[in-house]
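Trainee: Fold the following for me, if possible:
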Amino acid sequence: MKKNAKLTSLILVALFSAIVIVFTVIPNLGYIATGPIEITTLHIVVIIGAVFLGPKYGAVIGGVWGITCIVRAFILGGGSEIFKPFLNPLVSFVPRILVGLFAGLVFAALKKTKLNTAISAGIAGAVGTLTNTVFVLSALYIFGMEISGYQAFFDMFKTIITTIISLNGSIELIAAIIVVPLIYKPLSKYTGKLKIN
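Mentor: Here you go, the predicted structure:
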């Protein structure tokens, strides 16, 4: 029985990973360009995977997102300076792993409480989204050598907060809080029968 559950988990990891790749390759699906800003939906895929499969597999799916992010930066980096920092794995790969890890850990912890699972999934969605924003922006500052002294740290946190409350940051956060529970609810019956999480 444990072998079947593990096999099912691996199949679902492969499925979520394939969705990440498809969302990355198809224009305006994983990254929606709206003028100078870009809204991502890929964090939602990773968070849903983490909610269903737990933090370990959530981190794996996040890692796939990180790899696709590096590949995308390599392909698009020649034409724009914006993408070049994302060639650094500490900017693009590690934060994406943490999205799946933290969202999965939060959901697993909340599942042990009496809190409604849809609300727990929404909270995991919020945590995953904020993890992505905070760690990517922090990494951009730190590894972009823009940190020197207290003022630089203040500017970094100001940038993080501004991004979270900006249009694209708000859309990504609200989308995760709404979409993750909406998808979790109907599919949880299926995953419950499989006993994978």
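
Trainee: What segments of the protein are strands?
Mentor: Here the chain has its strands, by DSSP state E, at 31-34, 37-40.

Trainee: Now the first one: buried residues?
Mentor: Residues of strand 31-34 classed as buried: Y31 (neighbour count, 16 or more other Cβ atoms under 10 Å). Bear in mind the C-beta positions are built from the backbone N, C-alpha and C, glycine included.

Trainee: center of this protein, which residue is that?
Mentor: The centroid of the chain falls nearest to H43 when counting by Cα atoms, centre = their mean (3.0 Å).

Trainee: How much space separates L115 from T131?
Mentor: 20 Å (Cβ to Cβ, to the nearest Å).

Trainee: of these two, who's got more company?
Mentor: T131 (24 against 12; other Cβ atoms under 10 Å).

Trainee: who's in contact with the more buried one?
Mentor: P95, L98, V99, F102, A103 (Cβ atoms under 8 Å, 6 or more residues apart in numbering).

Trainee: mind listing what the first one touches?
Mentor: Listed by Cβ under 8 Å, 6+ apart, the contact partners of P95 are G66, T131, N132, F135, V136, A139.

Trainee: In helices, which of these appear?
Mentor: Among these, DSSP state H puts G66, T131, N132, F135, V136, A139 in helices.

Trainee: export the strands of the chain to TSV and tack on distance to T159 and mean pLDDT?
Mentor: Formatted as TSV, the strands of the chain follow (distance: least, Cβ to Cβ, whole Å; pLDDT from 0 to 100):
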stretch	distance to T159	mean pLDDT
strand 31-34	19	82
strand 37-40	14	80
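
Trainee: Who wins on neighbours among the ones in helices among the contacts of P95?
Mentor: N132 (27 neighbours).

Trainee: wait, what's in contact with that one?
Mentor: T40, H43, P95, R96, V99, E172.

Trainee: cutoff 6 Å now
Mentor: Residues in contact with N132 (Cβ atoms under 6 Å, 6 or more residues apart in numbering) are H43, V99.

Trainee: returning to that earlier point: right, and the strands of the chain - which one's nearest F74?
Mentor: Smallest distance to F74 across those (Cβ to Cβ): 14.9 Å, for strand 31-34.

Trainee: how far is the closest one from where the chain is centred?
Mentor: Centroid separation for strand 31-34 versus its chain: 16 Å, with Cα atoms, centre = their mean, to the nearest Å.

Trainee: Can you dump the C-alpha atoms of it in PDB for me?
Mentor: C-alpha atoms of strand 31-34 as PDB (Å, rounded to 0.1, in the frame of the first residue of the first chain):
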ATOM      1  CA  TYR A  31       4.000  34.900 -16.800                       C
ATOM      2  CA  ILE A  32       1.300  37.500 -17.700                       C
ATOM      3  CA  ALA A  33       2.900  40.600 -19.200                       C
ATOM      4  CA  THR A  34       0.900  43.700 -18.400                       C
END
